Every structure is written in structure tokens, then in C-alpha cells.
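Whatever this is, show me its structure:
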Amino acid sequence: MGISDYHTPVLLEESIAGLSVIAGGTYLDLTFGGGGHSREILKLLGDGSLIGFDQDPDAAANKIQDKRFSLVPHNFRFLKNFLDYLGIDKVDGILADLGVHKLKVLGGQKKYLGLSGFDLEVIEFIN
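The predicted structure is shown next:
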């Protein structure tokens with residue numbers, strides 16, 4: 001299952017711009033999925049590192065073959081444990097795309113859930 005079959009990030013450019021990637025930094029993609037956000041982060045990352053988390057077995061098929069990228073096939077709730085294990089005590093940015101796939105709700109092919117009939121609120125957290 002490739003990224004086009006998995007999910008195309010809706011606010012990709014805006015998300016990456018808001019992340020303000022620093023070349024050489026350490027970043028986390030807590031919801032790796034199809035890898036769309038991670039691929040964009042890697043374009044800006046230089047010699048930094050990116051760790052993706054995703055407990056969905058389908059996500060493993062989208063793993064990026066890049067020495068700067070590691071995929072942790074577990075829920076991001078274990079992120080502190082994995083960072084401790086890897087000896088990482090600080091990260092420069094964290095991205096989480098907390099959407100819902102139709103497959104998880106209705107079954108069938110995995111596509112991003114359209115929100116027709118619902119209000120969509122995007123909240124930006126600024127530190």
C-alpha cells in the first residue's frame with residue numbers, strides 16, 4: 001500500500017511550515033501513516049534525524065528508506081520510553097496528524113474521512 005492508497009495529508013504545506021524544520025534537528029512524526037509529512041520533513045532536515053511512530057501494521061509498508069529516518073511500529077504513547085532507549089533527551093519538533101480513516105470507521109479501502117456535515121476546527125498550538 002503506497003502513500004496514494006493510504007492517505008494524502010490535507011494541510012501538508014501549512015503543517016511543515018508551522019513546524020519550522022531546522023537542518024540538523026531531531027523531529028518526531030507521531031502519526032507516520034503513509035509518510036507524507038515525514039517525506040516533506042526529510043527534504044528540509046539536512047543531516048538531522050526523524051523518528052516516525054505508527055501502530056498501524058499498514059504503515060510499515062510505507063517506511064522511508066533513508067538513514068535519517070527510523071520507524072517505531074508502536075503507539076506514540078510510548079514515545080518517552082523510545083526516546084530514552086535511543087538516548088534522545090530533546091527534540092526540535094513534533095508533528096501529529098490526528099485524523100480518522102474511513103477504514104477505521106466504516107471498513108473498506110483506507111481513505112481520509114471526509115467531514116461533510118461536520119465543522120472542522122484546526123487549532124494551532126504556539127509555544
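
contacts, neighbours, all on C-alpha from now
Noted.

Name the nearest residue to residue 22, ignoring sequence neighbours.
Excluding the flanking residues, the one nearest residue 22 by C-alpha to C-alpha, 6 or more residues apart in numbering is residue 45, at 6.4 Å.

Go ahead and confirm that neighbour touches residue 20.
No. Contact between residue 45 and residue 20 fails when scored by C-alpha atoms under 8 Å: they sit 10.3 Å apart.

So for these two, which residue has more residues nearby?
A count of neighbours by other C-alpha atoms under 10 Å puts residue 45 above the other of residue 45 and residue 20, at 19 against 12.

residue contacts, that one?
Counting by C-alpha atoms under 8 Å, 6 or more residues apart in numbering, residue 45 makes contact with 21, 22, 23, 24, 25.

Which ones among those residues lie within helices?
Using DSSP state H, no member of the contacts of residue 45 sits in helices.

Out of those, which two sit at the greatest distance?
Greatest spatial distance in those: 21 and 24, 8.8 Å, computed using C-alpha to C-alpha.

Strands of the protein, start to end?
Under the criterion DSSP state E, strands of the chain are mapped to 26-29, 49-53, 69-72, 93-95.

Which strands and helices lie in contact with the third one?
So the one you mean is strand 69-72. The helices and strands touching strand 69-72, judged by 3 or more C-alpha pairs under 8 Å, 6 or more residues apart in numbering; DSSP states H and E, are strand 49-53.

Then the second one?
Other helices and strands packing on strand 49-53, by 3+ C-alpha pairs under 8 Å, 6+ apart, are strand 26-29, helix 36-44, strand 69-72.

for these, which one ends up most surrounded?
Highest mean neighbour count among those (mean count of other C-alpha atoms under 10 Å): strand 26-29, with a mean of 23.

about what we covered before: what's the per-residue pLDDT of the residue nearest to residue 22 here?
Residue 45 is assigned 97 on the pLDDT scale.

Quick one: closest of the helices and strands packed on strand 49-53 to residue 94.
Here strand 26-29 is closest among those (C-alpha to C-alpha), at 4.7 Å.
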